[in-house]
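Student: coords below, sequence missing:
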């Protein structure tokens, strides 16, 4: 069993979040939220409730007709209970992608 798996088995969601954030020194990240939004920004901070602060953030809005639109958000606070996924972005790959040429359906919100 890996050390991460042992940690996951013995800790809460919040503890796992803190473990990943502090041990991997994340910079630019992508957040996928429960309402289907995709937010990209530089991880500026977090707290004990898994709330996340992003600086230089942008919302990426996906569309089949027009490609990906980026809306500037600036400094942005995301409640921890809204976060579905956090992923680190490889900035070299992200810069090489032409977002205007990408066509995709928007992510649907989670329904309970």
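Tutor: Looks like it arrived, so ask away. Since this is a predicted model, take the numbers as computed values, not measurements. Numbering: from 1, shown residues only.
Student: nearest residue to residue 45 other than its sequence neighbours?
Tutor: The shortest distance from residue 45 to any residue other than its chain neighbours is 4.1 Å, reached at residue 53 (C-beta to C-beta, 6 or more residues apart in numbering). In this view, the C-beta of every residue, glycine as well, is placed from N, C-alpha and C.
Student: elements contacting the helix or strand harbouring that neighbour?
Tutor: Using DSSP states H and E, the element containing residue 53 is strand 52-61. Counting contacts by 3 or more C-beta pairs under 8 Å, 6 or more residues apart in numbering; DSSP states H and E, strand 52-61 is packed against strand 28-33, strand 38-46, strand 69-78.
Student: what angle do that strand and strand 28-33 make?
Tutor: Strand 52-61 runs at 70 degrees relative to strand 28-33, counting by axes from the mean of the first three to the mean of the last three C-alpha atoms, to 10 degrees.
Student: Same question for strand 52-61: list its buried residues.
Tutor: By neighbour count with 16 or more other C-beta atoms under 10 Å, strand 52-61 contains the buried residues 52-54, 57-60.
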